[in-house]
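In: Sequence and computational prediction follow.
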Amino acid sequence: MQFTDLGLAEPILRALAAKKYASPTPIQSQAIPVLLQGKDLCGIAQTGTGKTAAFALPSLDHFARNPKPTPLQGCRMLVLSPTRELAAQIAQSFRDYGRFLKLSVEVVFGGVPINRQIRALGRGVDIVVATPGRLLDLIDQRAFTIKDTEIFVLDEADQMMDMGFIHPLKRIAKLLPRERQNLFFSATMPGEIEALAAQFLHDPVKVSVAPQSTTAERVRQQATFVNQAEKQALLTLTVRNEPIDRALIFTRTKHGADRVVRFLEGAGIQAVAIHGNKSQAQRTTALQAFRHGHVKLLVATDIAARGIDVSGVSHVINFELPNVPEQYVHRIGRTARAGAEGVAISFVADDERPYLKAIERTTRVKLDIVPLPENFVEAVRNLPKAAPQRKGREQTPEQKAKRAEGQRRYQDQQQRQQRGGAERAHRPDGETPAKKPFRRRRSGVGAHKAAVQRTAR
Ligand code: AMP
């Protein structure tokens, strides 16, 4: 099947040709015809299957064929994403696929100043990609409404539930209009997710594509048993010895991620961390540096396990094993993308052995057990100290956002003042205010009194 067989509008086909997409992926060929008919869809698919285009292309087609002014402070399409990074990625896909259409796309998420988003949404936009919390903030501030939404997408529903978004989602469901098309995507569909889907969907068509196990098959999966306290030495050796293009290193905690980075830095190895305590600016910078290959090692909590599409990740290193087997599958799915081969290395401490068993049971793959390297004892003994913690207390994302908002306001004010000065300087002659006659300041006694009287007048 070709994209041309699907009956998509010409500007969309042109954008796909520019991206050199030859044919639709399975989720696309199943979902697009259903969605073009305006039906609701429940898709079991993960990121990496091409699901963004599966919901973006038919929606863009709808807008291309039914142009309408955007609703004031509202949108025509709302896409909900659990994480900020995935939201930004989805918005970029809409811009790419819709580059030959005149449509507006905005992405809104927390951790960054809200005022800029309020301004951007004021006149209304065609497509909004949002995380649930910030979306509700905007609605509560009466800066935005979703009552005009024609197409609604809930992406990565299971991760939404894991992240505790159930109540925001229920609130959002009540604020949407009755008449709309609904798309619901989840990597897994246990009972609670199905119940959530039922709140949004009306008589949906169900499509399902093979889970990421197909990807996992291309990943060489290894495990090494090691004491928790000695994992850092093993990591330093591993990143030195392995032919790494780009590696994602997963830790269980945010604090743990920062610690790993400091130890790597102490050993002269550059790495960056990404997790929920980092400000949005830090998260974006870290991901960009990793994406562009400026930094080869990205240390992450599970926030980066799903959704993030970075090509060329040769290695995934589980510094700690996740206690949920599915999470392991998501993590290793960050490598071996787009047909490439990948390596997943897991460091297993004694108390993590039950997690390893559960993972092997779920994936039905036995991990290759690799012994500790020969020079390991020496490496533990000579492990360089961690780089010192950066001076100053780490600000919370909220504090940083507040600070950034203050700075932005100050800059706005400065710009306004400059513009004011420039306008005054460029007033047409006729508008030049009459010059006040120069008045010599009276000197001596009474000068001050005269000045006060003048001011009072
Ligand atoms: P997604 O699951 O939407 O995150 O997509 C995963 C990756 O596949 C992204 O890098 C897309 O750009 C890419 N992709 C999506 N659809 C196609 C297609 N039909 N042909 C080739 N690549 C695609």
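Out: Sure thing, it's come through.

In: From the structure, what's the count of residues near V377?
Out: 12 (other C-beta atoms under 10 Å). (C-beta placed from N, C-alpha, C; glycine too.)

In: Pretty sure it sits in a strand.
Out: No - using DSSP: H, G, I helix; E, B strand; the rest coil, the assignment for V377 is helix, not a strand.

In: okay, it: pLDDT?
Out: As predicted, V377 sits at a pLDDT of 91.

In: And for the one 5 residues further on?
Out: What the model reports as pLDDT for N382 is 84.

In: How much space separates it from the ligand?
Out: As for N382, its distance to the ligand is 41 Å (criterion: C-beta to the nearest ligand atom, to the nearest Å).

In: try P24
Out: Per C-beta to the nearest ligand atom, P24 is found 5 Å from the ligand.

In: again with K357
Out: The spacing between K357 and the ligand, counted by C-beta to the nearest ligand atom, is 30 Å.

In: contacting residues around that residue?
Out: Under the criterion of C-beta atoms under 8 Å, 6 or more residues apart in numbering, K357 has no neighbours.

In: quick check, it in a helix?
Out: Yes - K357 forms part of a helix when assessed by three-state DSSP.

In: can you pull the pLDDT of it?
Out: 94.

In: any idea which helix or strand of the protein has the worst average confidence?
Out: When the helices and strands of the chain are scored by mean pLDDT, DSSP states H and E, helix 447-456 comes last with a mean of 45.

In: Where do the strands of this structure begin and end?
Out: For the chain, the strands defined by DSSP state E occupy 41-44, 75-80, 105-108, 125-130, 151-154, 181-186, 205-208, 219-225, 247-250, 272-274, 297-300, 315-318, 342-348, 368-369.

In: nearest to the ligand, of those strands?
Out: Distance to the ligand, taken as C-beta to the nearest ligand atom, is lowest for strand 181-186 among these, at 9.7 Å.

In: packing partners for that closest one?
Out: Applying 3 or more C-beta pairs under 8 Å, 6 or more residues apart in numbering; DSSP states H and E, we find strand 181-186 packed against strand 41-44, helix 51-65, strand 151-154, helix 157-162, helix 191-200.

In: Sheet-wise, list the partners of that strand with their directions.
Out: Here strand 181-186 has these sheet partners by DSSP bridges: strand 41-44 (parallel), strand 151-154 (parallel).

In: so how far is R171 from the residue nearest the centre of the chain?
Out: The chain has E85 as the residue nearest its centroid, 0.9 Å off, counting by C-alpha atoms, centre = their mean. Distance of E85 to R171, given as C-beta to C-beta, to the nearest Å: 24 Å.

In: quick one on the thing from earlier: out of the strands paired with strand 181-186, nearest to H330?
Out: Closest of the strands paired with strand 181-186 to H330 is strand 41-44, at 14.3 Å (criterion: C-beta to C-beta).

In: near the ligand at all, the closest one?
Out: No - figure legend: strand 41-44 not in contact with the ligand (C-beta under 6 Å from any ligand atom); closest approach 10.9 Å.

In: burial measure for the closest residue in space to G111 that isn't next to it in sequence, as a count.
Out: In space, G111 comes closest to Q280 once its chain neighbours are excluded; the distance is 3.6 Å by C-beta to C-beta, 6 or more residues apart in numbering. Residues contacting Q280 under the criterion other C-beta under 10 Å number 19.

In: That'll do, ta.
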